[in-house]
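*Asks:* what follows is a predicted protein model with its sequence.
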Amino acid sequence: NEFFGTIGEHDDILANGEFVKMWKDALIACRLASNFNVQKAVPMLKRILAAFKLKKNLKPLPFALALLKLNDKDIWDFFIVNVDSSNEEIKYESMMNLRKKTGAILGCEEAAWRKLWNDFQDKKVVVMGLGVHGGGLAVAKWFFSQGAYVIVTDMKTRKELEFSITALTQFCAKYRMAHSSARLHSVEYVLSKHREEDFTTTDLIIRNPDVRDTSPFIVLAKEHGIPIENEVTLFFLLTKNTPKVGVTGTRGKSTTTSLIYHIAHLYDPKTIIAGNIRTIAIFDIIDDVIRREQKGDLHPVILELSSWQLEQLEQRRLSPHIAMVTNMMEDHLNRYEGMAEYMAAKQHIYQYQKEDDYVILNFDNDITREFGKKGTPGQLLWFSRERKDIGDGVFVRDIGKGEKEIVFRKGTETETVCHASDIA
């Protein structure tokens, strides 16, 4: 409707064969892009841009919609050809500005993104790492239910993955029976190995958090412009309006996440908990959260997030509305080249927040204290058991006779949360 409505605003197009062809090309490119077929869409978009230069007042809606679907690498390649500048910073700035302009043209950038990402029917989706803890299993189940061609590829053997494969097989059989009219595709398993063709010809790759950026198959996929996500980034992209609380840290993540959930649940019984907590994978809750968003029925989701899950957030420049780092200690250095790389992964949880978001850091931990002192994009709150002079945040105060209380301070206002004996 938007496409033909835009055509109707420009009667002169109908009398111009060149522009009729341009609009047809735009519609085809739009379809190609929405199917992740960027290799075919980009050359067509280049021709369309040249046509738009001839008539600058034309509202390029189909072109904008197609462009929103392309990833940064594709748009970058586009600008190498079309932007007259040898300065890479100028090209990159132009690229990002065009992204914003296309969103303005559509008038609904977020809705367009969500609409495009929601349609996975007949897409080829590679789940890299089924695993044994439930995360990969939940992802494979969800994409199967969306009508995607799911390829599960894992270096583990069928015997090692027996529990997960059995659970996935049983789910698919039950889902088929309950949705007999749905167009569903059998799951393909590639076990004890990975195949190069699965990383060069697919529409989308969902990588297990254990998979590193240096994996030759991830490198190969990037070289071919294949979109790569993990369960966290995809969840954020599909549920952009849902308020999220993210908790990370070396120690205490699960306890803190569970405690926040139970407190929030008293305030809002529809609060949900998920993430790195092994009993509730993120994709176990995604349908429920998406349905709520569609109805405008928004409720908090409390997420435990490991550093591995956070790594992919940098690519998408995403952070939860409220972020917390419990502490930082030397750990997981078998995964990271050093402590600096490990700390950088943890910091992604708050690095892309907005001004009205919150980050909560441990004042008593040397590393997280340094995080806060270097500045945060969101509003900073501290917590401490040892100090009271922490600025805004929560601290413990001695009230005499061996009693202590937990106090919250924001600016000049303070409020007692509870006595320490209440939770002893």
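*Replies:* Okay, I see it.

*Asks:* against residue 239, how distant is the residue nearest to residue 272 when sequence neighbours are not counted?
*Replies:* Nearest residue to residue 272, sequence neighbours excluded (CB to CB, 6 or more residues apart in numbering): residue 301, at 4.9 Å. The C-beta positions use only the backbone N, C-alpha and C, and glycine is treated the same way. As for residue 301, its distance to residue 239 is 8 Å (criterion: CB to CB, to the nearest Å).

*Asks:* these two - which one has more neighbours?
*Replies:* Counted by other CB atoms under 10 Å, residue 301 and residue 239 do not tie: residue 301 has more neighbours, with 27 against 20.

*Asks:* does the more buried one really touch residue 268, like I thought?
*Replies:* No. Contact criterion CB atoms under 8 Å: residue 301 and residue 268 do not qualify, at 10.9 Å.

*Asks:* how about residue 318, secondary structure?
*Replies:* Following DSSP: H, G, I helix; E, B strand; the rest coil, we place residue 318 in the coil state.

*Asks:* neighbours around it, how many?
*Replies:* 22.

*Asks:* list the contacts for the residue nearest to it when sequence neighbours are not counted?
*Replies:* The shortest distance from residue 318 to any non-neighbouring residue, by CB to CB, 6+ apart, is to residue 236 (4.7 Å). Contact analysis of residue 236 by CB atoms under 8 Å, 6 or more residues apart in numbering lists 244, 313, 316, 318.

*Asks:* residue 172 now?
*Replies:* 141, 144, 184, 186-187.

*Asks:* which of those residues lies closest to residue 416?
*Replies:* residue 141 (45.9 Å; CB to CB).

*Asks:* ramachandran angles for that closest one?
*Replies:* phi -60, psi -50 (degrees, to the nearest 10).

*Asks:* tally of neighbours for residue 223?
*Replies:* Quick note: residue 223 (other CB under 10 Å) scores 11 neighbours.

*Asks:* distance of it relative to residue 199?
*Replies:* Applying CB to CB to residue 223 and residue 199 gives a distance of 9 Å.

*Asks:* helices of the stretch 151-300 of the chain, start to end?
*Replies:* For the stretch 151-300 of the chain, helices defined by DSSP state H, counting those that start in this stretch occupy the ranges 162-178, 216-223, 231-238, 253-267, 282-295.

*Asks:* now the fourth one: buried residues?
*Replies:* Of all the residues in helix 253-267, those buried under the rule 16 or more other CB atoms under 10 Å are 253, 256-257, 260-261, 264-265.
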